[in-house]
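J.: Here's a sequence, model it:
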Amino acid sequence: DVDFVAELFPFTPLRPIERNLPAVLAALRDARLVDKPMLLMALATIRAESEGFTPGEEAPSRFNTSPYGEQFDLYDNRRDLGNEGRPDGQRFRGRGFVQLTGRANYRRYGAAVGLGDRLVREPFRAMEPAMAGRILAAFLADRQRPIKEALLEGDLARARRLVNGGRHGLDRFIAAYRIGDRLLADPIWQARDQPRAA
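T.: Next comes the predicted model:
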């Protein structure tokens, strides 16, 4: 519920959580990602990518824009992202709760959420809360097994890397995951003094 999520997002006003949480939970339910590790993975990912609990849009930085270059020009010819040259970097920059990046990912996850190639033609749709929630769920579902293995081993940095490819937002991710792990009752183990269920 909103109160539980607010504890994982201590610097976020309640309004965006109230507005966007239903879409995120609906997408996770549809993707059958409702067990404790994957629910916490989703929420911690959102905190790492968007402290404000709203679908975000990547800003220009030294990682995506060359000095004195066009915004996102370092992504333009990234074949690993499926980009085909200018203006693909700008067009397929990171968006949503999971910061979906690159033409190939827009194509793949557009199809996964039932949009076919529409997400490639209309990449801004990744910013719609319901769509951003569905993309997040599809993205995590694709990586569910290695994510759960990392979480089971307590390797939160590896779990984060499986989504982001690096360490961006790792401190926020770990904080949210650990708070949630402490507060959310594990349905397999229900002791009398266990923390509350969400």
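J.: Next, count neighbours for Phe124.
T.: Per other CB atoms under 10 Å, the neighbour tally for Phe124 reads 11. From N, CA and C alone the C-beta is placed, and that goes for glycine too.
J.: can you map out the helices along the protein?
T.: Counting by DSSP state H, residue ranges of the helices within the chain are 2-8, 14-30, 36-49, 88-91, 103-112, 118-121, 129-142, 144-152, 156-164, 170-183.
J.: and Asp80, which of those is closest to it?
T.: Comparing these against Asp80 with CB to CB, the closest turns out to be helix 103-112 (8.2 Å).
J.: List the buried residues of that closest one.
T.: Within helix 103-112, the residues that qualify as buried by neighbour count (16 or more other CB atoms under 10 Å) are Arg103, Ala104, Asn105, Tyr106, Arg107, Arg108, Tyr109, Gly110, Ala112.
J.: sorry, back to before: will you turn the helices of the chain into TSV that also has distance to Phe63 and mean pLDDT?
T.: Formatted as TSV, these follow (distance: least, CB to CB, whole Å; pLDDT from 0 to 100):
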stretch	distance to Phe63	mean pLDDT
helix 2-8	26	96
helix 14-30	26	97
helix 36-49	14	96
helix 88-91	11	97
helix 103-112	17	97
helix 118-121	23	97
helix 129-142	20	97
helix 144-152	23	96
helix 156-164	12	96
helix 170-183	15	96
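J.: Please convert the ones you listed to CSV, extending it with distance to Leu81.
T.: Below are these laid out as CSV (distance: least, CB to CB, whole Å):
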stretch, distance to Leu81
helix 2-8, 30
helix 14-30, 23
helix 36-49, 17
helix 88-91, 8
helix 103-112, 6
helix 118-121, 13
helix 129-142, 14
helix 144-152, 20
helix 156-164, 14
helix 170-183, 22
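J.: Give me the distance between the nearest residue to Arg143 once chain neighbours are set aside and Gly52.
T.: Among residues not flanking Arg143 along the chain, Leu162 sits closest, at 5.0 Å (CB to CB, 6 or more residues apart in numbering). Shown here: Leu162 relative to Gly52, a distance of 23 Å by CB to CB, to the nearest Å.
J.: more neighbours, those two?
T.: For Leu162 against Gly52, the residue with the higher neighbour count under other CB under 10 Å is Leu162, and the figures read 21 against 16.
J.: Next one: the more buried one from Glu7, what distance?
T.: Distance from Leu162 to Glu7, by CB to CB: 25 Å.
J.: do Asn20 as well
T.: Taken as CB to CB, the spacing of Asn20 relative to Glu7 amounts to 16 Å.
J.: This completes my enquiry, with thanks.
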